[in-house]
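> quick check, what structure comes out for this input:
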Amino acid sequence: MKIELYSLDEIKRRLYNRNLKEVSRETGISYPTIYALAKGTKKDFRMSTMVAMTSFLDMEETLKQVLEE
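Below you'll find the predicted structure:
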């Protein structure tokens, strides 16, 4: 399966005004890492973190679209 990862800027944009502790719980990614992604304070993340965030945000977007139909 091929996945196109979101850029750091896209992840930061999608995390804007989100409850970061909730995102941390839902993704299993530590709160400090989620905070760094959301605030742009770090630029070097593990590939597994980027895959997990992209998957989480894609799943959330898909759910939103299904519920709107």
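> where in this structure is pLDDT low?
Where the chain drops to pLDDT under 70, the residues are 1.
> just the CA atoms of the one helix or strand Tyr35 maps to, as PDB, please.
Using DSSP states H and E, the element containing Tyr35 is helix 31-39. C-alpha atoms of helix 31-39 as PDB (Å, rounded to 0.1, in the frame of the first residue of the first chain):
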ATOM      1  CA  TYR A  31       2.100  14.800  23.800                       C
ATOM      2  CA  PRO A  32       5.500  16.500  23.500                       C
ATOM      3  CA  THR A  33       5.800  15.200  19.900                       C
ATOM      4  CA  ILE A  34       2.200  16.200  19.000                       C
ATOM      5  CA  TYR A  35       2.900  19.700  20.500                       C
ATOM      6  CA  ALA A  36       6.100  20.000  18.500                       C
ATOM      7  CA  LEU A  37       4.200  19.100  15.300                       C
ATOM      8  CA  ALA A  38       1.500  21.500  16.100                       C
ATOM      9  CA  LYS A  39       3.700  24.400  17.000                       C
END
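> beyond it, next helix or strand please.
Next along from helix 31-39, by DSSP H and E: helix 47-68.
> tell me what that next one is packed against?
Applying 3 or more C-beta pairs under 8 Å, 6 or more residues apart in numbering; DSSP states H and E, we find helix 47-68 packed against helix 8-15, helix 20-27, helix 31-39. Any C-beta I mention is one placed from the backbone N, CA and C, and that applies to glycine too.
> ok, now with 7 Å
Counting contacts by 3 or more C-beta pairs under 7 Å, 6 or more residues apart in numbering; DSSP states H and E, helix 47-68 packs against helix 20-27.
> who touches the helix it packs on?
Identification of contacts with helix 20-27 by C-beta atoms under 7 Å, 6 or more residues apart in numbering yields 15, 30-31, 34-35, 38, 52-53, 56.
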